[in-house]
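J.: this is the structure alone, sequence omitted:
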């Protein structure tokens, strides 16, 4: 019998370093894939920027073209949404938060540019698209913002000509500040929607919006023009980076339903 | 990173540390693991008494005793003491058929708990070695001889066997078989570290003098096999493990039965570890205090934390879905549900750590199978084991912790009373 047992201290220490090394490898792998994902977002954004520039160029040529030749395809729309999903997911799950915030700012600028272009096309060719500006907050637990994003998803599903631009109110970006200033959006009254140049604060249900803007929300999905229906894409869910996502950010695998921006 | 995630990472680190510790020990000591397939002869056969405590075991007690009587061990060197601990069923009638057997002594007493039955058996054990065998278990004919070979080391005071699930039938029993396969490995690694914390009821063999030095069995929160092992460590006694000493044991066939058994085990572990809390991080007690007991608590805390983590996720998912339905009603999800963008595959470090941990657990299980010369390497019951234990284990752990806090004991006899009254439960 041995009342003082031996301890293999060297093994305790070696195992500690082996475990630490395994964790370092796990961290390295994670960083590797994070970099790949950030690259992916950058690539999609670069393509998006080119598409918007192309649209602007196309618009500049409008004086020589008829409105029928304005490209109605949904590619831009779906790519804007795709990038929104990826940025929202990255904000929640990836460690490179500063880089993601920069990408989000860039995306916001692209949305604003697309919005301005949409307005110009509408002025020139009539209301081909219905732009909806959606302001939300990530500052606190905004359940209303989550609900609003569900409504906007439904609107986009019902009316493919609706294009939703989602803006994180708290994003530090001068172009966004200007937009907030123009439409007099207040952070205490979020969510806020700008439809037909009118600012609506607080949660707006689907039927409320349909009644308020009957002329805008009238083109049913079934009655879309043949040109747009042939190019029609499956419309992704509208999402916002809502306060839910802050809770969600604790845990990686919860639903995306309440997160992201969209067009 | 949130404080919650930091805690998750710390527990993950400790969980990986434990598995790496075992793996390093395995690599270091694997040549010392001897699996004997052939019959062996001992230079001399010491006398052995095996105590069989019974309580409401009329269905299994005879096969238990028959397996002892067919042990490949000299009949005049092996004595069997059967103690009926006041059974309410036909156990006493069942064991009557052995009353005239020259190797068997039978005793009946009022119900007092398993430890009292064992202690009555000890009073009638004057052999060099003494062991116990739960009345729902059977032994391989070579097991006793193989175990006795470990006592050639004079420092070895007790030897634990390798317990195998007997004749699994339900999915749950197959999952337990995989769990027990891993336990062979864990037990042997703990033996190398001189840190085994339980000498299980099915066929652990002790030198008789152990009980002379440290005293008889105690009630020990209905897990006397854990307490006796801790008390042996307190006295600096070495416990070894015989990987080819096979014992076949019955296993709970349903979730409620398994739940009751595990609540009792975990409750016993928590209470006994608390009783011996002075072991914790005291180098003089060796790896039992530095490694085994702390890793047990890490395992309990980590599992409960994982459950909390999962429940929060589930709550968030369900509450978001309810909010969605309340807001816009039920409709088919937008988007192509079959399209998968690799971008959205979770590549957080925790995912890789979880994969690593599962790989280490599966490696432990395979190593355990190698130790019992099982030809199965990868089989479907590994998946079953992972699923069943990930889902159910947190609940018995929480219940055991709760019982430990509120001092609500589960009992060995209570488990059998429930089975007697409700055999289908």
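T.: Alright, I've got the coordinates. Computed from a predicted structure; not experimentally measured.
J.: would you quantify the distance from residue B:403 to residue B:279?
T.: 22 Å (Cβ to Cβ, to the nearest Å). Backbone N, C-alpha and C define where each C-beta goes, glycine included.
J.: for residue B:101, same thing?
T.: From residue B:101 to residue B:279 the distance is 42 Å (Cβ to Cβ).
J.: these two: which is more packed in?
T.: residue B:279 (21 against 13; other Cβ atoms under 10 Å in any protein chain shown).
J.: just to check, that one is in contact with residue B:291?
T.: No. Using Cβ atoms under 8 Å, residue B:279 is not in contact with residue B:291; the gap is 10.6 Å.
J.: for the chain, longest helix please?
T.: Here I'm looking at chain A. In chain A, with assignment by DSSP state H, the single longest helix is helix A:9-60.
J.: correction: the question concerned chain B.
T.: helix B:293-328.
J.: helix or strand next in line after it, which one?
T.: For helix B:293-328, the succeeding helix or strand toward the C-terminus, using DSSP states H and E, is helix B:349-371.
J.: tell me the mean pLDDT for that following helix?
T.: Mean pLDDT, computed over helix B:349-371, is 90.
J.: in it, what counts as buried?
T.: Across helix B:349-371, burial judged by 16 or more other Cβ atoms under 10 Å in any protein chain shown covers B:349-354, B:356-357, B:360-371.
J.: out of these, which are close to chain A?
T.: Within the set of the buried residues of helix B:349-371, contact with chain A (Cβ under 8 Å from any Cβ of the partner chain) is found for B:349, B:350, B:351, B:352, B:353, B:356.
J.: how many other residues sit next to residue B:24?
T.: So residue B:24, with other Cβ under 10 Å, has 15 neighbours.
J.: helices or strands next to the helix or strand hosting it in the packing?
T.: Per DSSP H and E: residue B:24 is located in helix B:3-29. Under the contact definition 3 or more Cβ pairs under 8 Å, 6 or more residues apart in numbering or on different chains; DSSP states H and E, helix B:3-29 sits against helix A:9-60, helix B:171-192, helix B:293-328, helix B:349-371.
J.: adding distance to residue B:22, write those out as a markdown table.
T.: Shown next, in a markdown table, are the helices and strands packed on helix B:3-29 (distance: least, Cβ to Cβ, whole Å):
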| stretch | distance to residue B:22 |
| --- | --- |
| helix A:9-60 | 9 |
| helix B:171-192 | 4 |
| helix B:293-328 | 10 |
| helix B:349-371 | 6 |
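J.: ok, which of the ones you listed comes nearest residue B:263?
T.: Of all the helices and strands packed on helix B:3-29, helix B:293-328 sits nearest to residue B:263, with 12.3 Å by Cβ to Cβ.
J.: buried ones in the closest one, by neighbour count?
T.: Neighbour-count burial for helix B:293-328, counted by 16+ other Cβ under 10 Å, picks out B:293-296, B:298-300, B:302-307, B:309, B:312-313, B:316-317, B:319-320, B:323-324, B:327-328.
J.: now find how far off-centre it is within its chain.
T.: Taking Cα atoms, centre = their mean, to the nearest Å, the mean C-alpha location of helix B:293-328 is offset from the chain mean by 27 Å.
J.: any idea of the mean pLDDT in that helix?
T.: Average pLDDT, helix B:293-328: 88.
J.: so that helix versus helix B:3-29, what angle?
T.: Angle of helix B:293-328 versus helix B:3-29, following axes from the mean of the first three to the mean of the last three Cα atoms, to 10 degrees, is 140 degrees.
J.: helices or strands up against helix B:293-328?
T.: The contact analysis (3+ Cβ pairs under 8 Å, 6+ apart) places helix B:293-328 against helix A:143-158, helix A:243-248, helix B:3-29, helix B:255-275, helix B:380-406.
J.: now do the contacts for the closest residue to chain A within the stretch 201-350 of chain B.
T.: Across the stretch 201-350 of chain B, no residue is closer to chain A than residue B:286, which sits at 2.8 Å (Cβ to the nearest Cβ). By Cβ atoms under 8 Å, 6 or more residues apart in numbering or on different chains, the residues touching residue B:286 are A:5, A:6, A:7, B:193, B:194, B:195, B:233.
J.: tell me the confidence at the spatially closest residue to it that is not a sequence neighbour?
T.: Ranked by Cβ to Cβ, 6 or more residues apart in numbering or on different chains and with sequence neighbours excluded, the top spatial neighbour of residue B:286 is residue A:5, at 2.8 Å. You'll see residue A:5 listed with a pLDDT of 73.
J.: which SS class is residue A:5?
T.: Using DSSP: H, G, I helix; E, B strand; the rest coil as the criterion, the local structure at residue A:5 reads coil.
J.: quick check, it in contact with residue B:155.
T.: No. Applying Cβ under 8 Å as the test, residue A:5 and residue B:155 come out as separate, 11.0 Å apart.
J.: look at the two and report which has more neighbours.
T.: A count of neighbours by other Cβ under 10 Å puts residue A:5 above the other of residue A:5 and residue B:155, at 20 against 12.
J.: distance check, the more buried one against residue B:283.
T.: Counting by Cβ to Cβ, the gap from residue A:5 to residue B:283 is 8 Å.
J.: repeat for residue B:292
T.: Taking Cβ to Cβ, one finds residue B:292 at 14 Å from residue B:283.
J.: out of the two, which sits in the busier spot?
T.: A side-by-side neighbour count of residue B:292 and residue B:283, using other Cβ under 10 Å, places residue B:292 first with 25 against 13.
J.: look up phi and psi at the residue lying closest to that one once chain neighbours are set aside.
T.: In space, and not counting its chain neighbours, residue B:292 is closest to residue B:195: 4.4 Å by Cβ to Cβ, 6+ apart. Note on residue B:195: its backbone torsions stand at phi -140, psi 30 [degrees, to the nearest 10].
J.: pull up the gap between residue B:195 and residue B:319, please.
T.: 45 Å.
J.: now do residue B:332, the pLDDT please.
T.: Value listed for residue B:332 in the pLDDT field: 54.
J.: partner strands of the helix or strand encompassing residue B:163, with direction?
T.: Element membership of residue B:163 [criterion: DSSP H and E] is strand B:156-165. If you go by DSSP bridges, strand B:156-165 pairs up with strand B:205-207 (antiparallel), strand B:238-249 (parallel).
J.: make TSV from the ones you listed and add mean neighbour count and mean pLDDT to it.
T.: As requested, the strands paired with strand B:156-165 are exported to TSV (neighbours: other Cβ atoms under 10 Å in any protein chain shown; pLDDT from 0 to 100):
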stretch	mean neighbour count	mean pLDDT
strand B:205-207	22	97
strand B:238-249	23	95
